[in-house]
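In: Build the 3D model from these lines:
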Amino acid sequence: MKLWLDTETYSEVPIANGTHAYAEKAEVLLLTWAVDEGPVQCWEATERLTVPIDLIIAIQTADEHWWHNGGMFDRVAMKWAQPALYARLTYGKWRDTMVQALAHGLPGSLGALSEIFKLGGNSKDKRGKQLIRMFCMPQPKNSTLRRKTRSTHPVEWEEFKEYAKSDIRAMRELHKKMPKWNYPNNAEELNLWFLDQRMNMAGIYVDTELAEKAIEAVGAEQNSLAGRTHEATDGMVSSATQRDALLKFILAEHGVSLPDMRADTLERRLADAELPEPVRELIAIRLMASTSSVSKFKRLVRGVSSDGYLRGLTQFNGAARTGRDAHRLFQPGNMMRPTIPQSDIEIGIDAIKAGCADLITDNVMELTSNTMRSVIIAPPGYKIVVSDLANIEGRVAAWVAGEQWKLEAFRKYDAGTGPDLYVKAYSEAFRVPLDAVDKKLRQIGKVMELMLAYGGGVGAFLTGAATYGVDLDELARTARGTILGSVWEEADNFWEWSVETKRNTYGLAHGTFCVCDSIKRMWRASNPAISDVWAKLENAARNAIDNPGEDFRVGKVTFRRDGNWLRCILPSGRALCYPSPRDEEETITYMGVNQYTRQWSRIKTYGGKLLENICQAVARDVMFYNMPRIEEERYSIRVRIHDELITYAPDGLLYGPAHLSKLLAIVPAWAPGLPLAAAGFEAYRYRKD
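Out: Okay, the predicted model is just below:
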């Protein structure tokens with residue numbers, strides 16, 4: 001028996017602060033429910049304080065309790081607003097149609113899903129947004145009536161109740177129409193979701209004092225930088241954050257044309273010895289003014305619960321298609337890479353807390369940005385133990401494609417008998433001895449490995465070069481002599497073709513472009529199996545789209561079309577799902593959420609992109625496979641960031657990074673031959689190791 005449930009709640013705290021901060025002041029207004037296909041009922045919790053007996057019976061006797069976003073919202077609100085009723089709702093019975101949607105490549109919004117599946121009479125009521133603004137949140141401060149209720153607006157209240165019932169009908173209908181392969185029919189995935197829910201309810205302990213002091217330091221520094229900008233521009237630009245005004249001033253007053261205010265653009269121009277000193281100062285101010293992620297600190301302070309924990313940070317299956325987590329609120333997945341040594345960060349933390357950050361650095365904005373990770377701390381009696389799967393996507397790509405030399409290189413490196421893989425990659429591509437690969441050349445090898453495995457070219461290499469600090473001009477000067485003439489000729493022809501057809505040359509000089517393109521070609525030549533698998537994956541996907549019900553296997557994965565869904569079945573048994581696939585003349589398309597517009601629209605894919613999806617998905621499955629065992633060993637998982645686990649463990653010698661890493665790198669039963677390794681650290685304050 002299935003029980004369908006939904007709540008409508010009120011709180012003085014904005015939901016933008018996060019569900020857990022919101023929930024501490026929340027009250028349940030309505031709770032709607034239905035048993036199987038039965039009528040939808042509504043309990044007006046503010047009018048009738050006693051829980052209806054038939055609702056209690058339904059909760060006790062139902063096999064499954066279905067919600068939409070119940071794990072991230074309703075459960076949290078119920079815990080605070082209806083603790084006695086919440087206690088009757090056990091983890092083992094919870095199910096979620098939002099997670100069901102996300103697990104199959106669909107958007108999570110009930111409204112969007114209703115439109116996609118054309119629910120008609122069972123569609124989510126669009127009038128609902130207006131009614132929620134009316135009854136579920138306080139009215140503007142200048143309103144005479146600060147809160148609208150059943151008593152003040154009885155007609156609209158009856159509409160509100162019908163809207164709440166429509167959510168149950170929409171949820172129930174969507175559950176029938178959506179696939180169930182990955183969730184809830186996959187028992188392992190269901191249990192992993194339960195673990196995820198416990199993790200989100202536990203949260204991370206945070207140093208709110210550091211966050212608050214960082215906000216103060218940034219505010220003071222912003223005022224100082226604005227003053228310097230105003231003075232340097234004779235009052236024509238009041239702040240360095242005014243991009244267009246600053247660009248216009250620099251061009252008009254100094255004759256310097258800048259294409260944009262991107263950090264990489266400005267950093268390159270600073271290296272120009274002929275740049276006028278006033279422009280150099282303005283660029284430096286601009287870079288400082290735009291470095292601090294103060295909004296993260298503010299979200300943390302607003303979202304932290306009264307006990308000092310920040311909760312609800314990850315959405316299970318939130319990353320489109322791959323099944324990786326999406327991050328919420330504090331967004332731990334996109335914290336900037338450190339730009340100063342860890343020892344300086346630790347000194348900076350004390351200075352920020354003491355209110356004297358400006359006494360130890362000329363760039364307060366950079367310092368505060370570098371302390372972002374540092375707000376995550378261990379609670380008393382515990383320590384943070386972190387482990388990260390080493391180059392997991394590179395390992396999976398080699399394993400999926402069957403790139404044997406690279407698999408063997410990973411195994412030798414893990415055993416301590418072979419070189420670093422980035423050194424090996426450079427050596428293989430450039431055909432130079434291993435001992436000739438110095439630190440700078442290794443960094444090029446790292447960019448090659450991380451950016452070129454999915455069919456990317458010059459653009460992908462540039463992105464990696466910016467991330468890992470590769471100087472492109474120096475690269476162009478030093479690498480030219482190591483490139484074979486035939487490779488250079490191909491790159492030069494590609495440059496000419498790109499110019500003639502007005503393709504993107506990324507603003508690069510001819511020589512720099514050709515060096516980057518040559519590196520792409522050399523990497524592909526040294527990785528023939530990975531380069532070949534792109535076309536094999538694309539062909540298998542096309543064949544599956546054109547031949548429903550048939551399996552098309554490529555190495556470790558199988559493509560199959562079932563109804564209106566293209567599935568890529570992974571070694572774990574989970575499937576990547578591509579709704580409404582089409583085999584078009586030059587590309588494959590499917591319906592999905594566009595990562596830029598956030599709209600449901602048709603998306604193109606190709607062999608390299610399919611491999612990227614597969615590698616990220618398999619990397620996710622490796623980590624998730626080992627999480628239950630890690631929890632059994634008393635490491636409490638609190639956040640997953642890409643391929644890294646952040647855990648709390650009892651303070652002492654029994655728990656540590658070596659032990660955690662050993663657990664994380666256990667090869668799953670479904671992945672024989674996949675070389676795995678992990679490494680980490682322990683501390684009382686989180687950092688980038």
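In: And the average pLDDT for stretch 252-261 is what?
Out: Averaged over stretch 252-261, pLDDT sits at 85.
In: Please report the separation between the first and final residues of that stretch.
Out: Stretch 252-261 has an end-to-end distance of 16 Å (criterion: C-alpha to C-alpha, to the nearest Å).
In: what comes up buried for that stretch?
Out: Within stretch 252-261, the residues that count as buried by 16 or more other C-beta atoms under 10 Å are Val256, Leu258, Met261. Yep, even glycine has a C-beta here, placed from its N, CA and C like the rest.
In: Please apply the same query to stretch 477-494.
Out: In stretch 477-494, counting by 16+ other C-beta under 10 Å, buried: Ala479, Ile483, Val487, Trp488, Ala491, Asp492, Phe494.
In: ditto for stretch 296-313
Out: Using 16+ other C-beta under 10 Å as the test for burial, stretch 296-313 gives 296-301, 303-305, 309-313.
In: Which entry within the residues you listed corresponds to the minimum pLDDT?
Out: Ranked by pLDDT, the buried residues of stretch 296-313 bottom out at Lys296, which scores 87.
In: C-terminal to whichever strand or helix holds that one, what's the next element?
Out: For Lys296, the host element (DSSP states H and E) is helix 294-303. Sequence-wise, the next helix or strand downstream of helix 294-303 (DSSP H and E) is strand 309-310.
In: From the contact counts, what lies against that next one?
Out: In terms of contacts (3 or more C-beta pairs under 8 Å, 6 or more residues apart in numbering; DSSP states H and E), strand 309-310 is packed against strand 204-206.
In: quick one: contacts of the strand it packs on?
Out: 300, 304, 308-311, 313, 375-379, 638-639, 646, 648 (C-beta atoms under 8 Å, 6 or more residues apart in numbering).
In: Can you name the two of those residues that sit furthest apart?
Out: Leu300 and Tyr648 (17.9 Å; C-beta to C-beta).
In: Now for the residue nearest the centre of the chain: which residues touch it?
Out: Nearest to the geometric centre of the chain sits Ala326, at 4.3 Å (C-alpha atoms, centre = their mean). The contact partners of Ala326, by C-beta under 8 Å, 6+ apart, come to Thr314, Gln315, Gly318, Ala319, Gly333.
In: what would those residues look like in TSV with neighbour count, distance to Glu586 and secondary structure?
Out: Below are those laid out as TSV (neighbours: other C-beta atoms under 10 Å; distance: C-beta to C-beta, whole Å; DSSP: H, G, I helix; E, B strand; the rest coil):
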residue	neighbour count	distance to Glu586	secondary structure
Thr314	21	37	strand
Gln315	21	34	strand
Gly318	18	31	coil
Ala319	18	27	coil
Gly333	18	33	helix
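In: Take those residues and write them to JSON lines, including distance to Arg228.
Out: Formatted as JSON lines, the contacts of Ala326 follow (distance: C-beta to C-beta, whole Å):
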{"residue": "Thr314", "distance to Arg228": "40"}
{"residue": "Gln315", "distance to Arg228": "41"}
{"residue": "Gly318", "distance to Arg228": "41"}
{"residue": "Ala319", "distance to Arg228": "41"}
{"residue": "Gly333", "distance to Arg228": "33"}
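In: so can I have CSV of those residues showing pLDDT and distance to Asn527?
Out: Output for those, formatted as CSV (pLDDT from 0 to 100; distance: C-beta to C-beta, whole Å):
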residue, pLDDT, distance to Asn527
Thr314, 94, 33
Gln315, 95, 34
Gly318, 93, 31
Ala319, 90, 26
Gly333, 83, 28
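In: And these, which is closest to Leu5?
Out: Of those, the one sitting nearest to Leu5 (C-beta to C-beta) turns out to be Gln315, at 19.8 Å.
In: Quick check: bridge partners of the closest one?
Out: Counting by DSSP bridges, Gln315 forms beta bridges with Ala326.
In: Touching, it and Leu102? I think so.
Out: Yes. The pair formed by Gln315 and Leu102 meets the contact definition of C-beta atoms under 8 Å, at 7.4 Å.
In: Now for those two: what residues contact both?
Out: In contact with both Gln315 and Leu102: Gly108, using C-beta under 8 Å, 6+ apart.
In: quick one: furthest residue from the center of the protein?
Out: Largest centre distance within the chain, by C-alpha atoms, centre = their mean: Ser151, 43.6 Å.
In: from the buried residues of stretch 252-261, which is closest to Arg269?
Out: Leu258 (6.8 Å).
In: So which residues of the stretch 451-600 of the chain form helices?
Out: Assigned by DSSP state H, counting those that start in this stretch, the helices in the stretch 451-600 of the chain fall at 458-467, 472-479, 485-500, 510-526, 528-546.
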